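> pasting a predicted model and its sequence here:
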Amino acid sequence: MKNKRLITALSILLGLVCVMLAFVYWTTPAGLLPSFFPGHDSTLTIHVKHGIAAFILGLAFFVVAWFVSGKKSAHDAPPREDKHL
């Protein structure tokens, strides 16, 4: 149970970071990007491809969080105790 919550929270956090990173790529000219960003190249105006990749990765993290936090299946449920014995 704790592992699922941790994976869900981490996936949501990473998804938000990736979406914010995509927004930065789309709105900031390349010459003004921090030097630690991948693709820091002052000859390009906006890194559309990097923004699209970061946005898709963020959506993928949200999908992971959605599937991990879903309802329990019959396989995940605790075993039932048979009281007829």
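Yep, it's here. Every value quoted in this text rests on a predicted model; they were computed, and no experiment measured them.

> helices along the protein, start to end?
Taking DSSP state H to define them, one finds helices in the chain at 2-27, 48-68.

> contacts only, for residue 17.
residue 58 (C-beta atoms under 8 Å, 6 or more residues apart in numbering). Every C-beta, even on glycine, is put in place using the N, C-alpha and C of the backbone.

> what's the distance between it and residue 70?
23 Å (C-beta to C-beta, to the nearest Å).

> likewise for residue 21?
27 Å.

> neighbour-wise, which of the two wins?
residue 21 (19 against 10; other C-beta atoms under 10 Å).

> what's the more buried one in contact with, if anything?
Residue 21 sits in contact with 51, 54, 58, where contact means C-beta under 8 Å, 6+ apart.

> quick one: the closest residue to the second one other than its chain neighbours and residue 67, what's the gap?
Spatial nearest neighbour of residue 54, excluding adjacent residues (C-beta to C-beta, 6 or more residues apart in numbering): residue 22 at 4.0 Å. Residue 22 is 22 Å from residue 67, where distance means C-beta to C-beta.

> more neighbours: those two, which one.
Higher neighbour count among residue 22 and residue 67: residue 22, with 22 against 11, using other C-beta under 10 Å.

> now do the contacts for that one.
Applying C-beta under 8 Å, 6+ apart, the residues contacting residue 22 are 51, 52, 54, 55, 58.

> right, and the first one touches residue 20 too?
What that stands for is residue 51. No: Residue 51 lies out of contact with residue 20 (C-beta atoms under 8 Å); the separation is 10.9 Å.

> so between these two, which is more surrounded?
residue 51 (19 against 12).

> state the mean pLDDT of stretch 3-20.
Average pLDDT, stretch 3-20: 95.
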